[in-house]
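J.: Got a sequence here, can you build the structure:
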Amino acid sequence: MALLRRLFTRRPRIALASVLPTVPTAPGGPPSTRQRQYLDDVPYLLPKDPLEDQRLNYQHHALYRTLSNHYLAPLAPERIRTILDVGTGTGIWAFEMQALFPHALVVGVDVSLQSLPQPVPPTCLFVRANVLEGLPFPDAQFSYTHQRLLVAAIPAQAWPGVVQELVRVTRPGGWIELLELSDGIQPAGPATRRLLDWFTGISRQLGFEMEVLRRLGELLQQAGCVDVT
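T.: Got it, this is the predicted structure:
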């Protein structure tokens, strides 16, 4: 199985783009023959279309079954008033958290809001923004900041700045939680090892290095966080 790497940390109180064109497909055609849709002008390797939305929702439920919760940070419900979800995708995590924290304002951010259900339920607020260009929020705005599985969206060299931005918008005493994939699969046989080597080599050519994810704890500490777990 692929290893998940999840970190949560407390902020101290003193924190390609050449893409395939979108083309119409015949209704009811098999998924394997449909043209996938990608976002322009952002370094996001995965598609952005209904098939990807289905995968994201399935991934959400698989993570919940694996982790038995939607978060691991030691949140005190009475102190959580604002929650930020960076890379919200279909918004499914944000909706789940709003149900768990009904008195909190839950804000989801993504480079595209086309994956949200329509009409968008009024329980959460969604903002179109790119974390690589900075988040459109003032300092110390959120009690809890969450980001997961953006390894295919954030180039390796951008991770230090992204982490600093997450810390900036998190309140002193608040929590930041990151969940990312490692570049290892256990147990990995010869064929799996070749696949991982191929994937790692292609990713590096495109500016994405999963090795940087092993340094997330270090990057959080450098940005001023404490209690990094």
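J.: can I assume V167 is in contact with L178?
T.: No - applying CB atoms under 8 Å as the test, V167 and L178 come out as separate, 11.3 Å apart. Any C-beta I mention is one placed from the backbone N, CA and C, and that applies to glycine too.
J.: Remind me what the longest helix along the chain packs against, helices and strands.
T.: Ranked by residue count, the top helix of the chain under DSSP state H comes out as helix 50-67. Here helix 50-67 touches strand 2-10, helix 92-100, going by 3 or more CB pairs under 8 Å, 6 or more residues apart in numbering; DSSP states H and E.
J.: Quick one: low-confidence residue ranges for this structure.
T.: Within the chain, the segments meeting pLDDT under 70 span 1-8, 11-34, 45, 183.
J.: Centroid-nearest residue for it?
T.: The centroid of the chain falls nearest to R148 when counting by CA atoms, centre = their mean (3.1 Å).
J.: what's the closest residue to that residue other than its chain neighbours sitting at in phi/psi?
T.: Nearest in space to R148, with sequence neighbours left out and distances taken as CB to CB, 6 or more residues apart in numbering, is L179 at 3.8 Å. Here is the backbone geometry of L179 (degrees, to the nearest 10): phi -130, psi 120.
J.: Residues in a beta bridge with L179, which ones?
T.: With DSSP bridges as the criterion, L179 is bridged to R6, R148.
J.: need the strands for the protein, in chain order.
T.: 2-10, 82-86, 105-110, 125-128, 142-148, 170-185 (DSSP state E).
J.: Find the residues that touch each one of V167 and L178.
T.: Residues touching both V167 and L178 by CB atoms under 8 Å, 6 or more residues apart in numbering: L220.
J.: pull the CA atoms of stretch 166-186 into PDB?
T.: The C-alpha coordinates for stretch 166-186 follow below in PDB (Å, rounded to 0.1, in the frame of the first residue of the first chain):
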ATOM      1  CA  LEU A 166      -0.500  28.400   5.400                       C
ATOM      2  CA  VAL A 167       1.200  29.500   8.600                       C
ATOM      3  CA  ARG A 168       0.500  33.200   7.800                       C
ATOM      4  CA  VAL A 169      -3.300  32.700   7.600                       C
ATOM      5  CA  THR A 170      -3.400  30.500  10.700                       C
ATOM      6  CA  ARG A 171      -4.100  32.100  14.100                       C
ATOM      7  CA  PRO A 172      -1.500  31.900  16.900                       C
ATOM      8  CA  GLY A 173      -2.400  28.700  18.900                       C
ATOM      9  CA  GLY A 174      -4.200  27.300  15.900                       C
ATOM     10  CA  TRP A 175      -3.500  24.100  14.000                       C
ATOM     11  CA  ILE A 176      -2.200  23.300  10.500                       C
ATOM     12  CA  GLU A 177      -2.700  19.800   9.100                       C
ATOM     13  CA  LEU A 178      -1.100  18.400   6.000                       C
ATOM     14  CA  LEU A 179      -1.700  15.000   4.400                       C
ATOM     15  CA  GLU A 180       0.500  13.800   1.500                       C
ATOM     16  CA  LEU A 181       1.600  10.700  -0.300                       C
ATOM     17  CA  SER A 182       5.100   9.300   0.100                       C
ATOM     18  CA  ASP A 183       7.000   7.900  -2.900                       C
ATOM     19  CA  GLY A 184       7.100   4.400  -1.500                       C
ATOM     20  CA  ILE A 185       4.800   1.400  -1.800                       C
ATOM     21  CA  GLN A 186       5.100  -1.500   0.600                       C
END
